[in-house]
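1. Quick one, structure for this:
(4 chains)
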Protein chains: 2
Amino acid sequence: MFTVAEENYIKAVYHLQQQQEMVSTNALSAELQTRPASVTDMLKKLKTKRIISYEPYHGVKLSSEGKKVALGIIRKHRLWEYFLVDKLQFGWDEVHEVAEELEHISSTKLVDKLDAFLGYPKFDPHGDPIPDSKGRLASQQQELLSGIPISKTVEITAVGSQSSELLELLKHKGLQMGTRLEVKKIFDFDGSLELKIKNQQVVTISRDLASVLFVKPV
Amino acid sequence: MFTVAEENYIKAVYHLQQQQEMVSTNALSAELQTRPASVTDMLKKLKTKRIISYEPYHGVKLSSEGKKVALGIIRKHRLWEYFLVDKLQFGWDEVHEVAEELEHISSTKLVDKLDAFLGYPKFDPHGDPIPDSKGRLASQQQELLSGIPISKTVEITAVGSQSSELLELLKHKGLQMGTRLEVKKIFDFDGSLELKIKNQQVVTISRDLASVLFVKPV
DNA sequence: ATTTATTTTTAGACAAACCTAAAAAATAAA
DNA sequence: TTTATTTTTTAGGTTTGTCTAAAAATAAAT
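-> As a prediction, the model looks like this:
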């Protein structure tokens, strides 16, 4: 139905739309590492396929059909990530590129059987919700760790970015998806936090780090 | 390293070479459903990449490097087929097309972890051997069911073709890879065989069918 | 050994997805 | 409200992998 290139554009528009309603050519160009002129070409193509609404010079957004397609791709991406971590023992910080390839395998039967095999997981290893076969996303009342008061126990559910620097830091501190922890102290001077990792050691993290970690009460 | 199109050509040369040393342009054209002119173009390209040896008008064969690449692709194809049948409950007659897509996922780490997850299987669901990480194929002393004497117990290891008609017939008779059976009678009139499926019912199959079923002693 | 038929290659085109350079539109600044 | 800057689009090219039509090489038949 769609080429790999088309699917990557659709996914990029979806992600950028989380930030702002209308997505600009330049934003897509940066996200996809292609030149603006190439983006314009593809937008014209996707418009004729009724996947996006697009008026020259005024940005794009996904049509309802486009959203469906995007959720299908994201579903595949996140299910494969879950598979790689849960079944094949990949580190959760090394699955992204492989999942970028696997998400373009077309068989819907495969996706649905994979979903069943994994036990219909609701969140991927980064804590992001996995759309179900109808495109529905589980919503999670998640908050930033930087806003959690002292002595409350929470569980890490997501990270605000996928940068390898961030993932490296989390690994070093012994933090991952599902880690339970309690905020012990908050230092007013620099906003750094002292955390007690459930039944384990105490670590200190910066305010910058606490501001990209999503948690849920437990 | 290689594009999907290149990999499909390499795989096709490998398969056709099982029949005859030198592979012709026309044979590749038929196998890949492309025109002979397109095949010639690709052969020139693969020659410069030192994947095949090719002299105009005299056919091609894989270089030793080309064989390595081919075995890598076949390894992925067969491991994925095993995964689909063993873990995702696909019928063994419906995995081929999906595996045709999955075999082009590049990560070798993925392949090796998948291999481990599956328990290093030696044969795929069609009974074909799966190359190990060094490209070695398990050889199997397999014989045709039509040559097995009465009262010997054997296990089905492979089928001589992948035609959907054959696969449908096998499914109907309750025969699949790994099925153990004993030859009960051989009717001289038409060469048909009566088989007792291990601890189950008795079925009769034609000589034509027995001539495409590979088995091993058990 | 010629002629005929088949197979294979060359030549020239096309669509997809990218590119650079230049023009046009929109936005911000003077 | 002009002018300058940034953003986006158009115009024209490139590469990959395919195609058709025609030419060349090989194989088969008389």
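2. How many neighbouring residues does A:L110 have?
-> The burial count assigned to A:L110 is 21, neighbours taken as other Cβ atoms under 10 Å in any protein chain shown. C-betas here are computed from N, CA, C, even on glycine.
3. a helix runs through it, doesn't it?
-> Yes: A:L110 forms part of a helix when assessed by DSSP: H, G, I helix; E, B strand; the rest coil.
4. Tell me how far A:E97 lies from A:E103.
-> Here the distance between A:E97 and A:E103 works out to 11 Å (Cβ to Cβ, to the nearest Å).
5. who has more neighbours, those two?
-> Shown here are A:E97 and A:E103; by other Cβ under 10 Å, A:E103 has more neighbours (22 against 10).
6. In which helix or strand does the residue nearest to the more buried one when sequence neighbours are not counted reside?
-> Nearest in space to A:E103, with sequence neighbours left out and distances taken as Cβ to Cβ, 6 or more residues apart in numbering or on different chains, is A:H77 at 4.0 Å. Counting by DSSP states H and E, the element that carries A:H77 is helix A:64-86.
7. And for A:Y14?
-> Under the criterion of DSSP H and E, A:Y14 resides in helix A:4-17.
8. Any part of that helix near DNA strand C?
-> Yes: remark: helix A:4-17 sits within contact range of DNA strand C at A:4-6, A:8, by Cβ under 7 Å from any atom of the strand.
9. Would you mind naming what in chain A lies close to DNA strand D?
-> Contact residues (Cβ under 7 Å from any atom of the strand) of chain A with DNA strand D: A:24-27, A:29, A:36-37, A:39-41, A:43-44, A:54, A:56-57, A:59.
10. and the residues you listed, which are buried?
-> Buried by 16 or more other Cβ atoms under 10 Å in any protein chain shown: A:24-25, A:27, A:29, A:39, A:43, A:54, A:59, out of those.
11. re earlier: tell me, how many residues neighbour the residue nearest to A:E103?
-> A:H77 has 23 neighbouring residues, counting by other Cβ under 10 Å.
12. Pull the contacting residues for it.
-> Listed by Cβ atoms under 8 Å, 6 or more residues apart in numbering or on different chains, the contact partners of A:H77 are A:11, A:99-100, A:102-103.
13. do the same with A:I197
-> So A:I197 contacts A:174-175, A:179-181, A:203 (Cβ under 8 Å, 6+ apart).
14. count of neighbours near A:W92?
-> 22.
15. Model confidence for the most centrally placed residue in chain A, exactly?
-> For chain A, the residue whose C-alpha lies nearest the mean C-alpha position (Cα atoms, centre = their mean) is A:D128; its distance is 5.0 Å. The per-residue pLDDT reported for A:D128 equals 89.
16. which residues does it contact?
-> With contact taken as Cβ under 8 Å, 6+ apart, A:D128 is in contact with A:78, A:158.
17. Any residues of chain A in contact with chain B? List them.
-> Residues of chain A lying close to chain B by Cβ under 8 Å from any Cβ of the partner chain are A:84, A:87-90, A:97-98, A:101-102, A:105-107, A:109-110, A:113-114, A:116-117.
18. 6 Å - rerun?
-> With the criterion set to Cβ under 6 Å from any Cβ of the partner chain, chain A comes near chain B through A:87-88, A:98, A:101, A:105, A:107, A:110, A:113, A:117.
19. In strands only, show me those residues.
-> Secondary structure of the residues of chain A next to chain B is defined by DSSP state E; no position falls in strands.
20. Just the buried ones among the residues you listed, please.
-> Applying 16+ other Cβ under 10 Å to those, the neighbour count classes A:87-88, A:98, A:101, A:105, A:107, A:110, A:113 as buried.
21. What is the nearest of those to A:K122?
-> For A:K122, the nearest member of these is A:K87. The distance, counting by Cβ to Cβ, is 17.0 Å.
22. pLDDT at the closest one, what is it?
-> You'll see A:K87 listed with a pLDDT of 96.
23. before we move on, what about A:K122?
-> pLDDT, the model's per-residue confidence, is 89 for A:K122.
24. Quick check: the nearest residue to it once chain neighbours are set aside vs B:Q162, distance?
-> If you skip the residues right next to it in sequence, A:K122 has A:A138 as its closest partner in space, 4.4 Å away by Cβ to Cβ, 6+ apart. From A:A138 across to B:Q162, the span is 41 Å (Cβ to Cβ).
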